[in-house]
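# sequence and predicted structure, then a few things I'm wondering about:
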Amino acid sequence: MSDPVRIRAYIEQFIFRSADTGYGVANLVLLDENSGKQDDSATLTAVGTLSDCSEGDTIEAEGTFTVHPVYGEQFRITSYRMILPTDAVSVERYLASGAIKGIGKVLAKKIVKRFGDDTFRIMEDEPERLSELKGISPRMAREIGIQMKEKHEQRELAMFLQDAGITGALAVKVIARYKDDIRRVLKENPYKLAEEIDGVGFRRADEIARRMGISADAEFRVESGLMYALEQAGYDGHMYLPEDVLTERTLKLLNLEREGGNGELIYTCLRNLAADGRILAETGYPPGKAPVYDRRAYREECNAAALLTALAAFDEKNRITDEDIDAVERELDITLDAAQRQAVRDAVSGGVLILTGGPGTGKTTTMGAILRMFIRMGKSFVLAAPTGRAAKRMTEATGFEAGTIHRLLEVSVRDSDEDSGIRHAYFNRNEDNRLEADAVLIDEMSMVDNRLFCALLKAISPGTHLILIGDAAQLPSVGPGQVLHDLIDSHRFKVVALTNIFRQAAESDIVVNAHRINDGEIPIMDNKSRDFFFMERNSISAVIGQMVALIKDRLPDYVKAPPSEIQVLTPMRKGALGADQLNNSLQQALNPGRRGVCEWREGDRIWREGDRVMQIKNDYSAEWVITGKNNIVIDRGTGLFNGDMGVIKKIDNSLEEVTVEFDERKEVRIPFSGMEDLDLAYATTIHKSQGSEYPAVVIPLLGGPPVLLNRNLLYTAVTRAKKCVVILGNRETVVRMVENAEEMKRYTGLVKRLEEL
């Protein structure tokens, strides 16, 4: 792929064009940048988003030359701006292109010969004068004038949007949403784009506002900044932010100082947002400490508390006896300990049970016994987990079909309205169409965030048994809230904690060391183990070198799995041993560029066929298919979810799309513009690995921010491995993590909501 270059050209012909995205394939004729003269021999095929251009338009474009295996050399446009035709030569070229209906090459030549450099002005302001030429009637002259006026307005709008930094697919969305109201919206409050157009975040809207000359301390800018700060807090797991924390984050985001009245400005904007019903600030707190919620987050917390309380009130009249549990033990050929037997009783007799425990403590066995008891009682049940991988493990462990929670709730998408271009997810299973089951069992509950949990509760009928299964020592959900922790801490529900490590599990040093870590003890790192290894490496280069050797050569035979199933788990995203840098190193080592393997570059990132990738954002509208023999579609659906793993199967630079095969053989075609929601996944953060299990994990630990190096992070990483754990780094870091029992604080209010009830 070549370095970026800039060209000037006019669009001779569109070969292909998408009305929805603006993506097109066009033949361009190059122009001399100084004279504007064309060289008919210098033509090329260009691909890219050319949403507001027409045949005959002159553009100045930046891009790179690439070679497509089928279509040959192409110029891939990354950005462009329109150049208005001003001289007679460029005007004639524009008219001869057929841009104006009724004017061909011959007539274009006559018009320009008559009016010269003044042609465009005549055609726009005095179109009746065109009838002075033979072959143009007064009626035709008027029609040409109307077309010229429309084209003029389109060009002016395109230039206006270009000046605002709005081009390509975004321009298509903005025009569709606001139509004739575009100028007013952008001049009065460009931050509306962040609220009303999919794909526009605060930072993009803020850049547009800067280009439009919006004041840095405009109230609607500050209000948008406050809402964005709350949104970002959700990505950090918070349900709310204390007022002083929200203020500091917003001032930093907006590059404003607290002095000079900006603190008062924040306070005014908070009142405005509260009056509009967009936020809720609780009362009865010291100054600056009041929790400030996005209104939706507060409502979801309240709903979850109310719905759970109602479910917990259910009491099964037909109680089971010890003889019933004995019968289940005989049927399954198992022996339950006292805690497991209590879990079976509580699950089938009450409304809500939380079953928690570490690896090897029998959660799966207990779940199987609970299901068998429900069968004996003639009760129906459904099983679900937050991710596809977790659901698959649940199916394998119980012998009963389990799906994702999203699929259980029948997630779908719909347009919020015809013009916005925003698609919202909704669940077909809800308070008006509840799940038809006597019991609902959810595994890996530590991964479930507040929003998804609230949606699940709405779909469960009163009188249903709800069994929540998870490991309370693991990290909380990636999304907002810490549901499992809060439910246990509330002391409002039956909780059974399994602590007995069964004999077979105790033979695994992964299990033994996981429990040592959770108990605050240093794991055994003498390398006498068959499945838990520590390799002392004290430099970044040594860690990475050993990591590559392990994945490529040593671990695949040892754990009987290909390199693609061996996962690197790191505490952090940034830094030399963060996921971003490790992915670059591992991609080069495991999937280097080579002839016959297509790739696509996006800034500093390179995507190649064969790359391992992870979806990092929920995309409910993504369409997937599963194909069988002869590429016959055997299943289809919608939805990609944060944490879904896949492999790039094909990169089509001509169509600007990537085909990814995700877990369960779900194949998705993703446009280049949607690749921002994917990350390389040779290495992932430990947080992103929740709910997954790998034959082997490699954990680089060589220092880092204390806030990230804590006990439950290490515990979560170790418990992701099925057959082998390898820690690369120094002992001091491992010891620091075990000794640091402090978890990153999350601002959540579910416990308080439950207390209020």
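Looks like it arrived, so ask away. Please read these numbers as outputs of a predicted model, since none were measured by experiment.

# tell me the mean pLDDT for stretch 204-213?
Averaging pLDDT along stretch 204-213 gives 88.

# ok, and what's touching it?
Contacts with stretch 204-213, where a contact means C-beta atoms under 8 Å, 6 or more residues apart in numbering, come from 163-166, 186-187, 190-194, 218, 221, 224-225. All C-beta atoms are positioned from the backbone trio N, CA, C, and that covers glycine.

# kindly report the same for stretch 490-507.
308-309, 312, 337, 339-340, 342-343, 346, 350, 352-363, 366, 472, 487-488, 511-512, 515, 750-751, 754-755.

# what residues sit buried inside that stretch?
Neighbour-count burial for stretch 490-507, counted by 16 or more other C-beta atoms under 10 Å, picks out Ser490, Arg492, Phe493, Lys494, Val495, Val496, Leu498, Ile501, Ala505.

# and the contacts of stretch 204-213, which two are furthest apart?
Pairwise distances across those peak at 23.3 Å for Asp163 and Gly225 (criterion: C-beta to C-beta).

# please, which helix or strand holds Tyr10?
Tyr10 belongs to strand 5-17 when elements are defined using DSSP states H and E.

# show me what secondary structure element comes after the helix or strand of the chain with the lowest mean pLDDT.
Least confident helix or strand of the chain, by mean pLDDT, DSSP states H and E, is helix 503-506 with a mean of 73. Counting by DSSP H and E, the next helix or strand C-terminal to helix 503-506 is helix 509-518.

# and that next one, how far from the chain's centre?
Here helix 509-518 is found 32 Å from its chain centre; the criterion is C-alpha atoms, centre = their mean, to the nearest Å.

# contact partners of it?
Residues from elsewhere that reach helix 509-518 (C-beta under 8 Å, 6+ apart): 358-360, 473, 501, 505-506, 522-524, 529-532, 711-712, 714-715, 718-719, 721, 724-725, 738.

# can you show me the helices along the stretch 201-350 of the chain?
Along the stretch 201-350 of the chain, the segments classed as helices by DSSP state H, counting those that start in this stretch run 202-211, 219-235, 243-253, 262-275, 295-312, 322-332, 338-349.

# sketch out the low-pLDDT regions of the stretch 51-200 of the chain for me.
Low-confidence segments of the stretch 51-200 of the chain (pLDDT under 70): 68-70, 168-169.

# next: the stretch 201-350 of the chain.
Judged by pLDDT under 70, the stretch 201-350 of the chain has its weakly predicted residues at 260.

# which one's the longest helix in the chain?
Across the chain, the helix with the greatest residue count (assigned by DSSP state H) is helix 138-163.

# helix 202-211 and that one, what's the angle between them?
Here helix 138-163 points in a direction 110 degrees away from that of helix 202-211 (axes from the mean of the first three to the mean of the last three C-alpha atoms, to 10 degrees).

# for helix 138-163, buried residues please.
140-141, 143-145, 147-148, 151, 154-155, 157-158, 161-162.

# nearest to Val328, of these?
With C-beta to C-beta as the yardstick, the closest approach to Val328 among the buried residues of helix 138-163 comes from Leu161, at 67.4 Å.

# any idea what sits nearest the closest one, other than its immediate chain neighbours?
Ala171 (5.2 Å; C-beta to C-beta, 6 or more residues apart in numbering).

# same question for Lys650.
Thr659 (4.1 Å).

# wait, is that neighbour part of a helix?
No - according to DSSP: H, G, I helix; E, B strand; the rest coil, Thr659 belongs to no helix; its state is strand.

# element containing the residue lying closest to Ile197 once chain neighbours are set aside, please.
In this structure, Ile197 finds its nearest non-sequential neighbour in Lys173, 5.3 Å apart by C-beta to C-beta, 6+ apart. Element membership for Lys173, per DSSP H and E: helix 168-178.

# please identify the buried residues of that helix?
Gly168, Ala169, Leu170, Ala171, Val172, Lys173, Val174, Ile175, Arg177, Tyr178.

# verify the stated contact: the last one with Val185.
Yes - assessed by C-beta atoms under 8 Å, Tyr178 is found in contact with Val185 at 5.3 Å.
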